[in-house]
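Visitor: Sequence first, then the predicted structure:
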Amino acid sequence: MNGTPKENYSVNLEIFQGPLDLLLYLIRKDEIDIYDIPIARVTQQYMQYIEMMKILNLELAGEYILMAATLIRIKARLLLPRDESEEEEGDPRENLVAALLEYKKFKEAGEILREKRILEERVFVPDGLGGGNGDREKIILSDTTTLFDLLTAFKEVLDRAGQDSQYTINPEAGTIEDRITIIMAILAGKDSATFIELFEDIPRKLTAILTFLAILELVKIKRITVRQSLPFSELRVYRGDDFHNPEPVIEFIKKFHFLQ
């Protein structure tokens, strides 16, 4: 763990489902008709999320870049004037819509299976502790909250911060450890806080990035959890199951990374 996210810190998140998941999120968020996708608008939003992932040094698979190229190609085809002498082509969005519908179908089936698993877990007693199923590596925000919701809230924080030198390394910006300590102190005084509250003392974008990475670290080790009451509603940060773990949080995180 290091206080300079751009150069030395990367995050691998299993909750990334792929570029189609991000596209579906944007479509649902803006209540867009999946059969009539406004490509220019969606491409702009998609590129904003890609840029945020780069700023946060999140592990960005090549398929995200490939999807960005696909969106830009479709956008270009829609903008280019048609040659009346050539045979009329179909809607350039057709293949993308088909892929999204197919993905949506599998995603909904997956959600049904997940709900079934949750019901079964409420009935059956799980195996004893120490089973080593690898769940510690996975960041789980809540059943309905996704990383895209977190990125959306973080974009709002960056927009509020305005324009400054977010890529400049400033020793006064602090470290991820500093921001972890501050977040834990805030939640020590109350059961929950809004996502925005955790950034209220932040004058600079670099510190906001450190805070976002600190939140991911704390979610990963279950010291905090992030939830929404409704899809796309305000995010709230709560004490997690291990919030009161007596082991100091910084030492625990260092040990956690060493074991991975």
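Guide: Happy to help now that I have it.

Visitor: For this structure, which segments count as strands?
Guide: Taking DSSP state E to define them, one finds strands in the chain at 192-194, 224-228, 235-239.

Visitor: Count the residues that sit near Tyr64.
Guide: Using other Cβ atoms under 10 Å, Tyr64 has 18 other residues around it. In short, each C-beta sits where N, CA and C put it, glycine included.

Visitor: Skip the chain neighbours and tell me the closest residue to it.
Guide: Spatial nearest neighbour of Tyr64, chain neighbours left out: Pro19 (5.0 Å); criterion: Cβ to Cβ, 6 or more residues apart in numbering.

Visitor: before we move on, what about Gln228?
Guide: Computed as Cβ to Cβ, 6+ apart, the closest residue to Gln228 that is not its neighbour in sequence is Thr145, at 5.0 Å.

Visitor: Quick check, the one you found in contact with Ser229.
Guide: No: in this structure Thr145 lies outside contact range of Ser229 using Cβ atoms under 8 Å: 10.1 Å.

Visitor: So which of these two has more stuff around it?
Guide: With neighbours defined as other Cβ under 10 Å, Thr145 and Ser229 compare such that Thr145 has more, 21 against 9.

Visitor: so who does the more buried one touch?
Guide: 226-228, 235 (Cβ atoms under 8 Å, 6 or more residues apart in numbering).

Visitor: wait, which of those residues is closest to Asp33?
Guide: Gln228 (23.9 Å; Cβ to Cβ).

Visitor: Write down the beta-bridge partners of the closest one, one by one.
Guide: Residues in a beta bridge with Gln228, per DSSP bridges, are Leu235.

Visitor: Please work out how many residues are found near it.
Guide: 19.

Visitor: Surely it and Phe195 touch.
Guide: No: using Cβ under 8 Å as the test, Gln228 is too far from Phe195 to be in contact (9.6 Å).

Visitor: intersection of neighbour lists for these two?
Guide: Shared between the contact lists of Gln228 and Phe195 (criterion: Cβ under 8 Å, 6+ apart) are residues 234-236.

Visitor: From those residues, pick the one nearest Leu58.
Guide: Using Cβ to Cβ, the shared contacts of Gln228 and Phe195 come closest to Leu58 at Leu235, 17.5 Å.

Visitor: give me every residue that touches that closest one.
Guide: 145, 149-150, 153, 194-195, 226-228.
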